[in-house]
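# Structure here, sequence nowhere to be found:
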């Protein structure tokens with residue numbers, strides 16, 4: 001498959017639905033590319049190995065917050081470095097001023113609206129945002145502000161699906177749904193949720209397609225049982241040595 005471009009994403013808005021997965025290692029990134037996942041969300045420190053593992057997949061890379069919290073210059077330098085190392089776009093949250101500065105340098109930048117995890121204390125915890133008309137209007141205004149600042153898109157997290165759908169229809173930038181229903185341009189999930197790779201809380205909006213954690217525990221239990229029973233390693237799992245060489249060795253060590 002060929003790697004997406006910003007132009008393709010913008011031109012196909014409202015006509016095609018894309019998939020995005022958050023990954024933290026090269027193996028999962030390679031599996032996503034093999035499966036035809038369109039976009040990956042990743043952290044900056046994993047950029048080089050993930051780009052090598054998924055050369056044809058669109059990468060949105062989160063800029064390290066310490067690199068841009070103090071100045072626009074820091075934001076621009078950080079984002080240029082990410083692009084030079086293989087990012088297709090950068091993600092920044094929070095900071096419309098920083099997004100505007102980066103966008104002016106023609107760096108594709110994504111923001112975040114709706115339930116912003118780092119701001120959850122201001123809204124009373126991790127909860128859906130936009131269930132009242134007043135709150136939904138604030139989400140819409142926030143999205144419009146991101147668009148005005150030059151963001152090519154944004155992640156819309158845990159917003160009622162009908163609200164998210166109407167917002168996405170009324171703006172030109174790319175809207176990524178994380179728990180905001182099927183009316184946006186991109187559906188986004190974390191690979192650890194898709195694969196059932198942990199035993200922590202699974203959000204309501206996630207879907208577990210495999211039970212990787214349980215399968216891993218089962219495999220490890222089988223390994224431990226085989227060792228204790230003397231079934232591992234078996235004859236075909238050890239390196240042989242000829243009787244002649246073994247006897248020579250035994251004679252040498254007395």
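Arrived safely, thanks for sending. Everything numeric in this text was worked out from a predicted model, so none of it was measured.
# A helix includes residue 241, no?
No: Residue 241 sits outside any helix when classified using DSSP: H, G, I helix; E, B strand; the rest coil, being coil.
# Could I get the average pLDDT for stretch 136-156?
Stretch 136-156 shows a mean pLDDT of 98.
# now stretch 55-64
Averaging pLDDT along stretch 55-64 gives 97.
# For it, buried residues please.
Neighbour counts over stretch 55-64 (16 or more other CB atoms under 10 Å) mark 57-63 as buried. C-beta coordinates here come from the backbone N, C-alpha and C atoms, glycine included.
# try stretch 22-33
Using 16+ other CB under 10 Å as the test for burial, stretch 22-33 gives 22-23, 26, 28-33.
# Let me see the ranges of the strands in this structure.
For the chain, the strands defined by DSSP state E cover 18-22, 39-43, 58-62, 89-91, 109-114, 153-157, 174-178, 186-190.
# Next, format these as JSON lines and append distance to residue 75.
Shown next, in JSON lines, are the strands of the chain (distance: least, CB to CB, whole Å):
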{"stretch": "strand 18-22", "distance to residue 75": "22"}
{"stretch": "strand 39-43", "distance to residue 75": "17"}
{"stretch": "strand 58-62", "distance to residue 75": "13"}
{"stretch": "strand 89-91", "distance to residue 75": "9"}
{"stretch": "strand 109-114", "distance to residue 75": "9"}
{"stretch": "strand 153-157", "distance to residue 75": "16"}
{"stretch": "strand 174-178", "distance to residue 75": "20"}
{"stretch": "strand 186-190", "distance to residue 75": "23"}
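# Residue 142 and residue 113 touch, don't they?
Yes: using CB atoms under 8 Å, residue 142 is in contact with residue 113, at 4.5 Å.
# Looking at the two, which one has more neighbours?
residue 113 (28 against 20; other CB atoms under 10 Å).
# List the contacts of that one.
Going by CB atoms under 8 Å, 6 or more residues apart in numbering, residue 113 touches 139, 142-143, 146, 154-157, 159.
# Roughly how far does it sit from residue 141?
With the distance defined as CB to CB, to the nearest Å, residue 113 ends up 9 Å from residue 141.
# With residue 126 instead?
22 Å.
# And for residue 3?
Using CB to CB, we find residue 3 at a distance of 33 Å from residue 141.
# And for residue 81?
Where residue 141 is concerned, residue 81 sits at a distance of 32 Å (CB to CB).
# And the chain, what are its domain boundaries?
For the chain, automatic domain parsing gives the domain ranges 6-210, 215-253.
# so which of those is the most packed in?
Of all these, domain 6-210 carries the top mean neighbour count, a mean of 18, counting by mean count of other CB atoms under 10 Å.
# As a check, name the ranges of all helices in the stretch 1-150 of the chain.
6-11, 26-35, 47-53, 72-84, 96-104, 133-149 (DSSP state H, counting those that start in this stretch).
# As CSV, the ones you listed with distance to residue 228 would be great.
Putting these into CSV (distance: least, CB to CB, whole Å) gives the following:
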stretch, distance to residue 228
helix 6-11, 54
helix 26-35, 30
helix 47-53, 36
helix 72-84, 49
helix 96-104, 56
helix 133-149, 56
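# quick one, which of the ones you listed is nearest to residue 240?
helix 26-35 (32.1 Å; CB to CB).
# Now do that closest one: which elements does it pack against?
When contacts are defined as 3 or more CB pairs under 8 Å, 6 or more residues apart in numbering; DSSP states H and E, helix 26-35 packs onto strand 39-43, helix 47-53.
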